[in-house]
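# only geometry, no sequence info:
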């Protein structure tokens, strides 16, 4: 489950970067970034390595 969370976080960060620099899609992109950061923080807190 932890590895899946990390993969989702990476995908969301890549999506945010594409959206932010490519399309300027607005608020939804920043929501994706926050979700990705929360997933990474949860993984670090649980003791997994990034």
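Received the coordinates, thanks. It should be emphasised that the depicted structure is a prediction, and the values quoted were computed from it without experimental measurement.
# any idea how far residue 32 lies from residue 15?
Separation of residue 32 from residue 15 (Cβ to Cβ, to the nearest Å) stands at 6 Å. Just so you know, the C-beta spots here come from the backbone N, C-alpha and C atoms, and that holds for glycine as well.
# Compare those two (neighbour count), which wins?
A side-by-side neighbour count of residue 32 and residue 15, using other Cβ atoms under 10 Å, places residue 32 first with 20 against 16.
# so that one touches residue 12, yeah?
Yes: using Cβ atoms under 8 Å, residue 32 is in contact with residue 12, at 4.8 Å.
# residue contacts, the spatially most central residue of the chain?
What sits nearest the mean C-alpha location of the chain, by Cα atoms, centre = their mean, is residue 36, with 2.1 Å. For residue 36, the contacting residues are 8, 9, 10, 11, 12, 13, 16, by Cβ atoms under 8 Å, 6 or more residues apart in numbering.
# Now the fifth one. Its backbone dihedrals?
Looking back up the chat, that one is residue 12. Main-chain dihedrals, residue 12, degrees, to the nearest 10: phi -70, psi -40.
# cool, and the first one?
With angles defined as degrees, to the nearest 10, residue 8 shows backbone torsions of phi -60, psi -40.
# Leaving out the residues flanking it, which one is nearest to it?
residue 39 (6.0 Å; Cβ to Cβ, 6 or more residues apart in numbering).
# tell me the contacts of the one you found?
5, 6, 8, 9, 12.
# Try it again at 10 Å.
2, 4, 5, 6, 7, 8, 9, 10, 12, 13 (Cβ atoms under 10 Å, 6 or more residues apart in numbering).
# Pull out the buried members of the residues you listed.
Among the contacts of residue 39, those scoring as buried are 5, 6, 9, 12, 13 (criterion: 16 or more other Cβ atoms under 10 Å).
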